[in-house]
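# Provided below are the primary sequence and the corresponding predicted coordinates.
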Amino acid sequence: MSVGVPPDRYDRNWFSRALDRIQLDIRRRYSRDQNLILSANKLVLTSPNGTLYAIEIDDQGTISTTAL
């Protein structure tokens, strides 16, 4: 994915379009019916009440959660 070369000065419209492209790319790559593979050992999710939780896995496959 390419968002193009950023302008020399802040341009609200350019950044807005770039963020739209990034969001669209994420939606295309990670649908509900696909696996999400991350390179780090931590995933941060938001619960329905808005609390952030870090979900981690160790080398033995043990999963743990931590409220952030």
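Perfect, thanks for sending it.
# In terms of helix, strand or coil, where does residue 45 fall?
strand (DSSP: H, G, I helix; E, B strand; the rest coil).
# count of neighbours near it?
Residues near residue 45, counting by other CB atoms under 10 Å, number 10. In short, each C-beta sits where N, CA and C put it, glycine included.
# do the one 4 residues further on as well
A count of nearby residues for residue 49, using other CB under 10 Å, gives 5.
# likewise residue 27?
Neighbours around residue 27, by other CB under 10 Å: 9.
# Could you number the chain from 15 rather than 1 from now on?
All right, first residue 15 from here; so that's residue 41.
# Assign it to helix, strand or coil.
Classified using three-state DSSP, residue 41 is helix.
# domain assignment for this protein?
15-48, 52-82 (automatic domain parsing).
# so how far is residue 34 from the residue positioned nearest the centre of the chain?
Nearest residue to the geometric centre of the chain (CA atoms, centre = their mean): residue 40, 7.7 Å. For residue 40, the distance to residue 34 (CB to CB, to the nearest Å) stands at 11 Å.
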